[in-house]
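Visitor: Just to be clear, the model below is a prediction. Sequence and coordinates:
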Amino acid sequence: MQNLDHALSAELNQRQLDHLYRKRNSHDGPQRPQLKINGQTLLAFCSNDYLGLANHPALIRAAQNACVDYGLGSGASHLVAGHTGVHHELEEALAKLTQRPRALLFSSGYMANMGVLSSLLDRQDAVYQDRLNHASLLDGGLLSAAKFQRYRHQDLSDLQRQLDKTQARRHLVATDAVFSMDGDTALLKPLSQLCHAQQAWLMIDDAHGFGVLGRDGGGSALAQGLTTDDCPIYMATLGKALGSYGAFVAGSDVLIETLIQFSRNYIYTTALPPAIAAASLAAVNLLQHEVWRQQHLNHLIRLFKQQAEHLKLPLMPSDTAIQPLLIGSSEVALRLSESLKEMGFLVTAIRPPTVPKNTARLRITLSAAHTENHLQQLLAALSKLQHQGLLAVVDD
Ligand SMILES: *Cc1c(COP(=O)(O)O)cnc(C)c1O
């Protein structure tokens, strides 16, 4: 295999030289703010466990009980013999929470996005995507073979220009509802009006809004007053704020039946383990019964923004739990992440190609599992890095 290793090594070396090399942090113990990595306990600000549910006893108990009733593996795909009562109950709970006629579980968000776009569109069609959309939406668009167009971030006139010119059969506009690496929220009402006027279908990926935004965490569409008519395709994941794993699409009966019949990413894969579905169901119940989690998270977001503005940290325009600090150079972002690690904090440097060139950042995420004191510790460390001249002080 010398030729293979030789060819691949050149690319790996270049990635190192570009400061884009990725390394995994392996930790032991549950997902929580204090992570033990290489014997050092770090205070983490990079998890997507926004409500602190990943280690909640109710989720663990639900999974344990479901293991007793259903065993571990689902054993087959949904269409063969893998669909259980608990999957079904979860779909009904998700439809109810998002106020949509039906919901369909997918094994992951990545598969849901690939599955929706590739089953609804083909080469006669066109898909329009915000430039900062998640990789899974972009990949789904490419897989569909539809004409692929990216519009400038949140720029509706750019989108309108593209829609005006189109000759395609079907038009689908897809956007992150909360942008995963920036934290800003899509303005869904004007977007849905534009789609309506242009007879385009709107699909939103609410991976970072579901569970934390809208009534009882029902998501961004509810938070911005969008009905199923306004936004016919709603997708969200269960591995972030819900603290579990998996994803779903919610919409009309016809949409869901179409996905069951035609979505290859739904049909040709093993159903989620029932225990995972049971844990997700427990999480959905907690959204309504432990509302303090959303409230505490919102309090922490406001507090962080206020103090970070006071320190003149390079914040980005976000009101969500994703509060990145824009650094620019990958090398500097990496160095800052390493300095923070030495000071006892885990904050990952997000670099291209995950984000556009020259926009490397420290992606800070907040969780209801954090305390005010955790925030103060992080802010003190960031302030220290500013005093050392390592982190910018931005003038407004
Ligand atoms: C995480 C994420 C996904 C993928 O979801 P998984 O369940 O982790 O595969 C899709 N879209 C967005 C915006 C995400 O942040």
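Guide: Perfect, I can see it now.
Visitor: roughly how far apart are residue 169 and the ligand?
Guide: Here residue 169 is placed at a distance of 26 Å from the ligand (Cβ to the nearest ligand atom, to the nearest Å). In this view, the C-beta of every residue, glycine as well, is placed from N, C-alpha and C.
Visitor: give me the element that residue is part of.
Guide: Using DSSP states H and E, residue 169 maps to neither a helix nor a strand.
Visitor: What are the neighbouring residues in contact with residue 312?
Guide: 386, 393, 394, 395, 396 (Cβ atoms under 8 Å, 6 or more residues apart in numbering).
Visitor: mind running it again at 6 Å?
Guide: By Cβ atoms under 6 Å, 6 or more residues apart in numbering, the contact list for residue 312 reads 393, 394.
Visitor: swap in the one 3 residues further on?
Guide: Applying Cβ under 6 Å, 6+ apart, we find residue 315 in contact with residue 308.
Visitor: phi, psi of it?
Guide: phi -70, psi 160 (degrees, to the nearest 10).
Visitor: Residue 48 versus the residue of the chain found nearest the ligand, what's the distance?
Guide: In the chain, the residue that lies nearest the ligand is residue 109 (2.2 Å; Cβ to the nearest ligand atom). Residue 109 is 11 Å from residue 48, where distance means Cβ to Cβ, to the nearest Å.
Visitor: Name the residue in these two with the higher neighbour count.
Guide: residue 109 (24 against 19; other Cβ atoms under 10 Å).
Visitor: isn't that one right up against residue 247?
Guide: Yes: assessed by Cβ atoms under 6 Å, residue 109 is found in contact with residue 247 at 4.1 Å.
Visitor: Quickly list what's touching both of these two.
Guide: residue 237.
Visitor: you'd agree residue 375 is in a helix?
Guide: Yes: judged by DSSP: H, G, I helix; E, B strand; the rest coil, residue 375 forms part of a helix.
Visitor: roughly how far apart are the residue of the chain closest to the ligand and residue 32?
Guide: As judged by Cβ to Cβ, residue 109 and residue 32 stand 22 Å apart.
Visitor: returning to what we had before: which residues sit in contact with the residue of the chain closest to the ligand?
Guide: Residue 109 neighbours (Cβ under 6 Å, 6+ apart): 207, 237, 247.
Visitor: three-state assignment of the first one?
Guide: Following three-state DSSP, residue 207 is assigned to coil.
Visitor: and it, what pLDDT?
Guide: For residue 207, the pLDDT comes out at 98.
Visitor: Let me see the contact set for it.
Guide: So residue 207 contacts 109, 237, 240 (Cβ under 6 Å, 6+ apart).
Visitor: Tell me which of the residues you listed fall in helices.
Guide: Taking DSSP state H, the ones among those that sit in helices are residue 109.
Visitor: Reformat the contacts of residue 207 as CSV; add distance to residue 160 and pLDDT.
Guide: Converted to CSV, those look like this (distance: Cβ to Cβ, whole Å; pLDDT from 0 to 100):
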residue, distance to residue 160, pLDDT
109, 28, 98
237, 29, 98
240, 31, 98
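Visitor: Show me which residues of the chain sit near the ligand.
Guide: Taking Cβ under 6 Å from any ligand atom as the test, the list of the chain residues beside the ligand reads 108-110, 113, 134, 136, 176, 180, 205, 207-208, 237, 239, 247.
Visitor: Kindly recompute the last result at 8 Å.
Guide: Counting by Cβ under 8 Å from any ligand atom, the positions of the chain adjacent to the ligand are 48, 108-113, 133-137, 176, 178-180, 205, 207-208, 235, 237-240, 245-247.
Visitor: Which residue, other than its chain neighbours, is closest to residue 200?
Guide: Leaving aside its sequence neighbours, residue 200 sits nearest to residue 171 (Cβ to Cβ, 6 or more residues apart in numbering; 3.8 Å).
Visitor: quick one, phi/psi of that neighbour?
Guide: Per-residue torsions, residue 171: phi -130, psi 130 (degrees, to the nearest 10).
Visitor: try residue 178
Guide: The phi/psi pair for residue 178 (degrees, to the nearest 10) is phi -120, psi 120.
Visitor: How many neighbouring residues does the closest residue in space to it that isn't next to it in sequence have?
Guide: Spatial nearest neighbour of residue 178, chain neighbours left out: residue 208 (3.8 Å); criterion: Cβ to Cβ, 6+ apart. Counted with other Cβ under 10 Å, residues neighbouring residue 208 total 29.
Visitor: And the residue nearest to the spatial centre of the chain, how close does it get to residue 21?
Guide: Centroid-nearest residue in the chain: residue 207, 3.7 Å away (criterion: Cα atoms, centre = their mean). Residue 207 sits 26 Å away from residue 21, going by Cβ to Cβ.
Visitor: Next up, the contacts around the nearest residue to the residue nearest to the centre of the chain once chain neighbours are set aside.
Guide: Nearest residue to residue 207 in three dimensions, chain neighbours excluded: residue 237, at 4.4 Å (Cβ to Cβ, 6+ apart). Contacts for residue 237 (Cβ under 6 Å, 6+ apart) come out as 109, 207, 247.
Visitor: one more time with 7 Å
Guide: 109, 207, 210, 247 (Cβ atoms under 7 Å, 6 or more residues apart in numbering).
Visitor: Bridged to it, which residues?
Guide: residue 247 (DSSP bridges).
Visitor: Offset the numbering so it begins at 423, please.
Guide: Sure, I'll start numbering at 423, so the last one becomes residue 659.
Visitor: Any figure for the gap between it and residue 435?
Guide: In terms of Cβ to Cβ, residue 659 sits 35 Å off from residue 435.
Visitor: tally of neighbours for the residue nearest to residue 468 when sequence neighbours are not counted?
Guide: Distance criterion Cβ to Cβ, 6+ apart; nearest residue to residue 468, sequence neighbours excluded, is residue 770 at 4.7 Å. By other Cβ under 10 Å, 20 other residues sit near residue 770.
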